[in-house]
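Peer 1: Using only what follows, build the 3D model:
(2 chains)
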Amino acid sequence: MSSPDRQALKRHLDLVGQLQPAYHQPNHAPFPDEIDHARYRALLRSPHDVGGEPDVPIPWEEKEEEQWELNTFATCECLAWRGVWTAEERRRRHNVDLGQTQYLSLPYYGRWLLGAARILVDKQCVTLTELVNKIDEVKKRYEQSSTR
Amino acid sequence: MSDNHKPAPMVDEISDFEVLEIAVRELAIEKGLFSADDHRRWTEYVHSVGPLPAGRLVAKAWLDPEFKKLAVTDGVKASLEVGVDWINSPPTKFGTPSDYCNLRVLEDTPRLKHVVVCTLCSCYPRPILGQSPEWYRTPNYRRRLVRWPRQVLSEFGLQLPEDMEIRVADSNQKTRYIVLPVRPAGTEGWSEDQLAEIVTRDCLIGVAVPKPGRKADDKRHVHPAVHPVHHDH
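Peer 2: Just a heads-up that it's a prediction; the model follows:
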């Protein structure tokens, strides 16, 4: 992609900002001839490519780490250490493939975690049934231990 | 989203993320994808990293022009002298899967200030700087720093003169950055230990500059964890 001048970049980012599917926009499954070059380029942008987007100042905050967040990081790195995925596959799953809504609405390590769950199923290391059963088992285990 | 629409934090319940984390980890171990010992060793490695070695690297570079030359030409090799082996410190012995092994040390001058971001994700030189701060990971920082760096830096309390050039380094999967700030006035004759103390994490990211007497980053609100990391393993 050639480097656009600032005005072109602003037009691109404005268009990207208008692309969120919404019922008030007639943009669902358009006719092919309705996609011009600018719209095509804006549609190809992936949700993690946020550099330069307009936003308002927010308070800068630190965060104490949750135990599950550290565990998730370790799990993801161990999966790469032992050759289940590469860091590039991991990034694609939790940055690019999630879609805008999940990308912006999940916590940082929530995205890592969903990516790890997805890779186990995608690579057929576990079946979806095994994953669902395991989730049920963990919930039951926790309910039992918290009612003791 | 206004604050009063946020769901109340769950305290006595196990969250969906906690359930899924346990499920994924246990399944991976049961299937032999990695071992419980691998996971424990990785966690120990994470506990062992932090910003101190990077601060030490800067202090050394301030004192030793030859070391500074090494630092700005080969950051990974210079890291060895502050105890960080990008290849062998992680339990893999081939580096961390996610950080690659390429550190660039960006030297500030009195007319040029560097600051680091990762617009596409939150790439960060973990082996020499530890885990990234929450604000560094926010889309907001990643959106705005590349476009309005002077304003964002001022929000961090760093007011730069108009004639100071700001260069924003956008990290990526293969290249990680730390900033080598200008040695501040008033530190003449200081030891390496004294100098290292004022080179905090925020100075190394570039959103602050070292000053005599400034030994910690500015106090910010800390969002508490529901079930914080316990360090007893």
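
Peer 1: Contacts for the longest helix seen in chain B next, please.
Peer 2: When chain B is parsed with DSSP state H, its longest helix is helix B:16-30. Identification of contacts with helix B:16-30 by C-beta atoms under 8 Å, 6 or more residues apart in numbering or on different chains yields A:66-68, A:71-72, A:75, A:78-79, A:84, A:107, A:109-110, A:113-114, A:116-117, A:120, A:125-126, A:130-131, A:134-135, A:137-139, A:142, B:34-36, B:39, B:227. Glycine gets a C-beta too; all of them are placed from N, C-alpha and C.

Peer 1: Buried ones only from the residues you listed, please, as a PyMOL command.
Peer 2: The PyMOL selection below is limited to those of the contacts of helix B:16-30 classed as buried (16 or more other C-beta atoms under 10 Å in any protein chain shown):
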select buried, (chain A and resi 66+68+71+72+75+78+79+84+109+110+113+114+116+117+120+125+126+130+131+134+135+138) or (chain B and resi 34+39)
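
Peer 1: and the angle for the helix ranked longest in chain A with helix B:16-30?
Peer 2: In chain A, taking DSSP H as the definition, the longest helix is helix A:128-147. Taking axes from the mean of the first three to the mean of the last three C-alpha atoms, to 10 degrees, one finds that helix A:128-147 is oriented at 120 degrees with respect to helix B:16-30.

Peer 1: what's the spacing between helix A:128-147 and its chain's center?
Peer 2: Taking C-alpha atoms, centre = their mean, to the nearest Å, one finds the center of helix A:128-147 at 25 Å from the center of the full chain.

Peer 1: what do you get for stretch A:49-62?
Peer 2: The answer for stretch A:49-62 is 17 Å, by C-alpha atoms, centre = their mean.

Peer 1: can you give me the strands for chain B?
Peer 2: Shown for chain B, the strands assigned by DSSP state E span residues B:103-107, B:112-117, B:165-170, B:176-180, B:222-223.

Peer 1: Am I right that A:Leu9 is in contact with A:Glu53?
Peer 2: No. At 10.4 Å, A:Leu9 and A:Glu53 do not qualify as touching, with contact defined as C-beta atoms under 8 Å.

Peer 1: Neighbour count: these two, which is higher?
Peer 2: When neighbours are counted by other C-beta atoms under 10 Å in any protein chain shown, A:Glu53 comes out ahead of the other of A:Leu9 and A:Glu53, with 18 against 13.

Peer 1: For the residue lying closest to B:Leu70 once chain neighbours are set aside, give its distance to B:Leu52.
Peer 2: Distances taken as C-beta to C-beta, 6 or more residues apart in numbering or on different chains put B:Ala78 closest to B:Leu70, at 4.8 Å, once the chain neighbours are dropped. In this view, B:Ala78 and B:Leu52 are 15 Å apart by C-beta to C-beta, to the nearest Å.

Peer 1: So which of the two has more stuff around it?
Peer 2: Applying other C-beta under 10 Å to B:Ala78 and B:Leu52 shows that B:Ala78 carries more neighbours, namely 22 against 19.

Peer 1: show me what contacts that one?
Peer 2: B:Leu57, B:Ala61, B:Phe67, B:Leu70, B:Ala71, B:Val105.

Peer 1: ok, B:Asp217 touching B:Asp202?
Peer 2: Yes. Look at B:Asp217 against B:Asp202 with C-beta under 8 Å: they come within range, at 4.4 Å.

Peer 1: Quickly list what's touching both of the two.
Peer 2: With C-beta under 8 Å, 6+ apart, B:Asp217 and B:Asp202 have common neighbours B:Ala208.

Peer 1: out of the two, which sits in the more crowded spot?
Peer 2: A direct count of neighbours by other C-beta under 10 Å for B:Asp217 and B:Asp202 places B:Asp202 higher, at 25 against 17.
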